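Enquirer: Need the 3D shape of this:
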Amino acid sequence: MHMTAVLLAAGQSKRMGQSKQLLSLADKPVIRWCLDGLLAGGVDDIVVVLGPTGREIANAIDGYSVRVVWNTDPDSDMAGSVRQAISALPEKATAVMILPVDHPAVKPETIRIIADTSQKFPDRIILPVYKGSRGHPVVFPRPVIEELDTLPTLRDIVHRSAGRLQQIEVDDEGILLNLNTPEDFREIVARFSR
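Expert: Next up, the predicted model:
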């Protein structure tokens, strides 16, 4: 099995009012927290999807050994970015971990647990759960994520896949902490300072 992570960072951060990818958490941009979490969790094959205004974000991750793909459609959604990433997957990729950049607080141990679970259940969609709520990142077997060719969203794939889901309980609230608004950012900053 070969795991490739897709870090979705093409959003325009409209609700945040500034690039959330570049917000500084403990003196490090959010996007670097995501990349460092993936690497520390043992996932070192990474595709980063950036949007049409992502040049500054690309500069912020200079030096990381990742493949950057560009989603040049400013009106695109998450599925559009995933489709761009699928086109950049290495042939050997058998599983794809999808991590939105607005989840910088996921622990590396959680990344490792999710990847290990995917290895045990290679035909299943792996969904992390914290206290009964599903979060991110999610792992899709490659043939399953390629169903985006015919379905509009990842959620549609998950909804029609009841028999292919494998939930894994993790002790990591970070899978649920979504960084979309200034209030979200203040909450995550407070958690990082504890």
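
Enquirer: can you give me the offset of the helix of greatest length in the chain from its chain's centre?
Expert: The residue-count maximum for a helix in the chain (DSSP state H) belongs to helix 108-120. In terms of C-alpha atoms, centre = their mean, to the nearest Å, the centre of helix 108-120 is found 14 Å from the chain centre.

Enquirer: buried stuff in that helix?
Expert: Neighbour-count burial for helix 108-120 flags 108, 110-111, 113-115, 117-118 (criterion: 16 or more other C-beta atoms under 10 Å). Just so you know, the C-beta spots here come from the backbone N, C-alpha and C atoms, and that holds for glycine as well.

Enquirer: For that helix, C-alpha coordinates in CSV please.
Expert: Coordinates of each C-alpha in helix 108-120 appear next as CSV, following Å, rounded to 0.1, in the frame of the first residue of the first chain:
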residue,chain,number,x,y,z
PRO,A,108,0.8,13.4,14.1
GLU,A,109,-0.1,10.4,16.2
THR,A,110,-3.6,10.7,14.7
ILE,A,111,-2.2,10.8,11.2
ARG,A,112,-0.3,7.6,11.9
ILE,A,113,-3.4,5.9,13.4
ILE,A,114,-5.5,6.8,10.4
ALA,A,115,-2.8,5.6,8.0
ASP,A,116,-2.3,2.3,9.9
THR,A,117,-6.1,1.7,9.9
SER,A,118,-6.1,2.3,6.2
GLN,A,119,-3.4,-0.4,5.8
LYS,A,120,-5.6,-2.8,7.8
